[in-house]
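Undergrad: Pasting a predicted model and its sequence here:
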Amino acid sequence: MSLDPQYFADLYATNEDPWAFRTRWYEKRKRELVMASLPRQCYQRVFEPACANGELSALLAERSGELLCQDLDPTAVGLARERLAQMHNASVELARLPADWPGGRFDLIVLSEVGYYLDPTDWLQVIEQAVASLSYDGGLLACHWKHPIVGCPQDGREVHRMLARHLPLYKQFQHDEADFVLEYWSAQPSVVDLDETCP
(Lines give C-alpha, C1' and ligand atoms only; values in the text may rest on other atoms or scores of the structure.)
Protein backbone atom coordinates (compact mmCIF):
# COMPACT_ATOMS: atom_id res chain seq x y z
CA MET A 1 0.00 0.00 0.00
CA SER A 2 1.49 3.34 -0.97
CA LEU A 3 -0.13 5.19 1.93
CA ASP A 4 1.46 4.91 5.34
CA PRO A 5 -0.27 2.22 7.44
CA GLN A 6 -0.77 4.86 10.14
CA TYR A 7 -3.44 6.42 7.89
CA PHE A 8 -5.60 3.33 8.40
CA ALA A 9 -4.60 2.86 12.05
CA ASP A 10 -5.87 6.38 12.77
CA LEU A 11 -9.19 5.61 11.07
CA TYR A 12 -9.74 2.45 13.10
CA ALA A 13 -8.51 3.98 16.36
CA THR A 14 -11.89 5.55 17.08
CA ASN A 15 -14.30 3.65 14.82
CA GLU A 16 -14.67 -0.04 13.94
CA ASP A 17 -16.54 0.93 10.77
CA PRO A 18 -14.82 4.12 9.53
CA TRP A 19 -16.46 4.01 6.08
CA ALA A 20 -19.88 3.06 7.50
CA PHE A 21 -19.96 -0.16 5.47
CA ARG A 22 -22.48 -1.65 7.91
CA THR A 23 -24.89 1.27 8.10
CA ARG A 24 -24.91 3.38 4.93
CA TRP A 25 -27.46 2.54 2.25
CA TYR A 26 -24.92 3.60 -0.39
CA GLU A 27 -22.53 0.87 0.79
CA LYS A 28 -25.23 -1.80 1.13
CA ARG A 29 -26.60 -1.09 -2.33
CA LYS A 30 -23.10 -1.10 -3.84
CA ARG A 31 -22.34 -4.51 -2.26
CA GLU A 32 -25.56 -5.90 -3.70
CA LEU A 33 -24.63 -4.57 -7.15
CA VAL A 34 -21.18 -6.13 -6.83
CA MET A 35 -22.67 -9.52 -5.98
CA ALA A 36 -25.35 -9.28 -8.68
CA SER A 37 -22.70 -8.49 -11.29
CA LEU A 38 -20.74 -11.71 -10.69
CA PRO A 39 -21.66 -13.93 -13.64
CA ARG A 40 -20.94 -17.22 -11.91
CA GLN A 41 -22.91 -18.63 -9.00
CA CYS A 42 -19.78 -19.92 -7.32
CA TYR A 43 -16.05 -19.37 -7.60
CA GLN A 44 -13.82 -22.08 -6.19
CA ARG A 45 -10.95 -19.82 -5.01
CA VAL A 46 -11.44 -16.09 -4.40
CA PHE A 47 -9.01 -13.38 -3.30
CA GLU A 48 -10.12 -10.10 -1.75
CA PRO A 49 -7.28 -7.78 -0.72
CA ALA A 50 -8.06 -4.73 1.44
CA CYS A 51 -11.09 -6.43 2.97
CA ALA A 52 -11.50 -3.85 5.78
CA ASN A 53 -13.98 -5.11 8.39
CA GLY A 54 -15.28 -7.91 6.18
CA GLU A 55 -18.74 -6.76 5.13
CA LEU A 56 -18.25 -7.57 1.43
CA SER A 57 -16.19 -10.60 2.43
CA ALA A 58 -19.17 -12.19 4.17
CA LEU A 59 -21.17 -12.08 0.93
CA LEU A 60 -18.24 -13.34 -1.13
CA ALA A 61 -17.82 -16.28 1.24
CA GLU A 62 -21.33 -17.44 0.36
CA ARG A 63 -20.30 -17.64 -3.31
CA SER A 64 -16.83 -19.14 -2.75
CA GLY A 65 -15.41 -22.57 -2.24
CA GLU A 66 -12.42 -20.87 -0.58
CA LEU A 67 -12.04 -17.17 0.19
CA LEU A 68 -8.73 -15.52 1.09
CA CYS A 69 -8.94 -11.98 2.47
CA GLN A 70 -6.13 -9.60 3.34
CA ASP A 71 -5.76 -6.21 4.99
CA LEU A 72 -2.74 -4.26 6.18
CA ASP A 73 -4.37 -2.98 9.37
CA PRO A 74 -4.36 -5.33 12.38
CA THR A 75 -7.66 -3.94 13.69
CA ALA A 76 -9.33 -4.50 10.33
CA VAL A 77 -7.98 -8.05 10.21
CA GLY A 78 -9.39 -8.77 13.67
CA LEU A 79 -12.79 -7.32 12.75
CA ALA A 80 -12.92 -9.29 9.49
CA ARG A 81 -12.00 -12.50 11.30
CA GLU A 82 -14.87 -11.89 13.74
CA ARG A 83 -17.25 -11.17 10.86
CA LEU A 84 -16.25 -14.39 9.08
CA ALA A 85 -15.90 -16.60 12.15
CA GLN A 86 -18.78 -18.89 11.17
CA MET A 87 -17.64 -19.16 7.54
CA HIS A 88 -15.09 -21.95 7.60
CA ASN A 89 -14.19 -21.51 3.93
CA ALA A 90 -12.83 -18.00 4.62
CA SER A 91 -9.49 -16.86 6.03
CA VAL A 92 -8.07 -13.40 6.72
CA GLU A 93 -4.38 -12.49 6.64
CA LEU A 94 -2.41 -9.43 7.69
CA ALA A 95 -0.68 -8.37 4.47
CA ARG A 96 0.26 -5.33 2.42
CA LEU A 97 -0.09 -4.79 -1.33
CA PRO A 98 1.73 -5.23 -3.59
CA ALA A 99 4.52 -6.93 -1.62
CA ASP A 100 2.45 -9.66 0.05
CA TRP A 101 0.50 -10.94 -2.94
CA PRO A 102 -0.47 -14.58 -2.26
CA GLY A 103 0.60 -17.58 -4.28
CA GLY A 104 -1.58 -19.87 -6.34
CA ARG A 105 -4.38 -19.29 -8.82
CA PHE A 106 -7.74 -17.63 -8.23
CA ASP A 107 -11.04 -17.94 -10.05
CA LEU A 108 -12.02 -14.46 -8.86
CA ILE A 109 -10.03 -11.46 -7.65
CA VAL A 110 -11.99 -8.59 -6.11
CA LEU A 111 -10.28 -5.19 -6.10
CA SER A 112 -12.85 -3.09 -4.28
CA GLU A 113 -12.05 0.41 -2.98
CA VAL A 114 -8.33 -0.24 -2.90
CA GLY A 115 -6.65 1.14 -6.04
CA TYR A 116 -6.57 4.80 -5.08
CA TYR A 117 -4.54 4.03 -1.96
CA LEU A 118 -1.73 2.89 -4.26
CA ASP A 119 0.45 5.09 -6.43
CA PRO A 120 0.46 4.25 -10.17
CA THR A 121 3.64 2.15 -9.90
CA ASP A 122 2.27 -0.03 -7.11
CA TRP A 123 -1.18 -0.21 -8.76
CA LEU A 124 0.39 -1.43 -12.01
CA GLN A 125 2.20 -4.14 -10.06
CA VAL A 126 -1.11 -5.21 -8.49
CA ILE A 127 -2.72 -5.35 -11.94
CA GLU A 128 0.13 -7.50 -13.27
CA GLN A 129 0.01 -9.79 -10.23
CA ALA A 130 -3.74 -10.20 -10.59
CA VAL A 131 -3.48 -11.18 -14.24
CA ALA A 132 -0.71 -13.67 -13.48
CA SER A 133 -2.80 -15.19 -10.65
CA LEU A 134 -6.05 -15.77 -12.54
CA SER A 135 -7.12 -19.29 -13.44
CA TYR A 136 -7.66 -20.03 -17.14
CA ASP A 137 -11.29 -18.84 -16.92
CA GLY A 138 -10.92 -16.53 -13.93
CA GLY A 139 -12.48 -13.13 -13.45
CA LEU A 140 -11.42 -9.81 -11.99
CA LEU A 141 -13.90 -7.39 -10.45
CA ALA A 142 -13.00 -3.79 -9.63
CA CYS A 143 -15.19 -1.21 -7.91
CA HIS A 144 -14.10 2.28 -6.85
CA TRP A 145 -15.43 5.63 -5.66
CA LYS A 146 -14.74 8.04 -8.51
CA HIS A 147 -14.07 11.29 -6.67
CA PRO A 148 -10.71 12.44 -5.29
CA ILE A 149 -9.90 11.42 -1.71
CA VAL A 150 -7.67 13.70 0.33
CA GLY A 151 -4.23 12.17 0.76
CA CYS A 152 -4.66 9.42 -1.85
CA PRO A 153 -2.31 9.28 -4.84
CA GLN A 154 -5.09 8.45 -7.34
CA ASP A 155 -8.85 8.68 -7.72
CA GLY A 156 -11.18 5.95 -8.97
CA ARG A 157 -11.26 7.25 -12.53
CA GLU A 158 -7.47 7.04 -12.76
CA VAL A 159 -7.51 3.58 -11.19
CA HIS A 160 -9.95 2.26 -13.80
CA ARG A 161 -8.15 3.98 -16.69
CA MET A 162 -5.05 2.02 -15.72
CA LEU A 163 -7.07 -1.19 -15.58
CA ALA A 164 -8.43 -0.49 -19.07
CA ARG A 165 -4.92 0.13 -20.42
CA HIS A 166 -3.13 -2.81 -18.80
CA LEU A 167 -5.60 -5.68 -18.42
CA PRO A 168 -5.21 -8.19 -21.28
CA LEU A 169 -8.67 -9.58 -20.44
CA TYR A 170 -12.20 -9.48 -21.86
CA LYS A 171 -14.44 -6.82 -20.35
CA GLN A 172 -17.75 -8.47 -19.50
CA PHE A 173 -19.56 -5.81 -17.52
CA GLN A 174 -19.46 -2.12 -16.66
CA HIS A 175 -21.73 -0.18 -14.32
CA ASP A 176 -20.89 3.51 -14.20
CA GLU A 177 -22.64 5.93 -11.86
CA ALA A 178 -21.90 9.49 -10.79
CA ASP A 179 -20.13 8.29 -7.66
CA PHE A 180 -18.60 4.90 -8.45
CA VAL A 181 -17.65 2.57 -11.27
CA LEU A 182 -17.93 -1.23 -11.21
CA GLU A 183 -16.30 -3.41 -13.88
CA TYR A 184 -15.72 -7.11 -14.46
CA TRP A 185 -13.15 -8.72 -16.77
CA SER A 186 -12.64 -12.38 -17.64
CA ALA A 187 -9.75 -14.43 -18.97
CA GLN A 188 -12.22 -15.99 -21.44
CA PRO A 189 -14.59 -14.24 -23.86
CA SER A 190 -17.66 -15.98 -22.42
CA VAL A 191 -18.46 -16.59 -18.76
CA VAL A 192 -21.81 -18.34 -19.02
CA ASP A 193 -22.31 -20.42 -15.86
CA LEU A 194 -24.43 -23.46 -16.66
CA ASP A 195 -24.27 -25.56 -13.54
CA GLU A 196 -21.65 -24.28 -11.11
CA THR A 197 -22.82 -24.55 -7.51
CA CYS A 198 -21.08 -23.80 -4.25
CA PRO A 199 -20.10 -26.72 -2.02
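TA: Perfect, thanks for sending it.

Undergrad: how much space between the closest residue to Q125 other than its chain neighbours and T121?
TA: Leaving aside its sequence neighbours, Q125 sits nearest to P98 (CB to CB, 6 or more residues apart in numbering; 4.2 Å). To be clear about C-beta, it is placed using only N, CA and C from the backbone, and glycine gets the same treatment. Computed as CB to CB, to the nearest Å, the P98 to T121 distance reads 9 Å.

Undergrad: Now do the same contact list for E183.
TA: Applying CB atoms under 8 Å, 6 or more residues apart in numbering to E183 gives the contacts 141-143, 160, 163, 171, 173-175.

Undergrad: returning to that earlier point: please, which helix or strand holds the residue nearest to Q125?
TA: If you go by DSSP states H and E, P98 is not part of any helix or strand.

Undergrad: wouldn't it be in contact with I127 here?
TA: No - the pair P98 / I127 is not scored as a contact, 9.4 Å apart, by CB atoms under 8 Å.

Undergrad: which of these two has more neighbours?
TA: I127 (23 against 19; other CB atoms under 10 Å).

Undergrad: Let me see the mean pLDDT of the helix or strand hosting the more buried one.
TA: I127 is located in helix 120-133, with elements delineated by DSSP H and E. Averaged across helix 120-133, the pLDDT comes to 97.

Undergrad: And the contacts of that helix?
TA: Contacts of helix 120-133 (CB under 8 Å, 6+ apart): 1-2, 47, 49, 97-98, 101-102, 104-106, 109, 111, 115, 118, 140, 153-154, 158-159, 162-163, 166-169.

Undergrad: For Y26, give me its contacts.
TA: D179.
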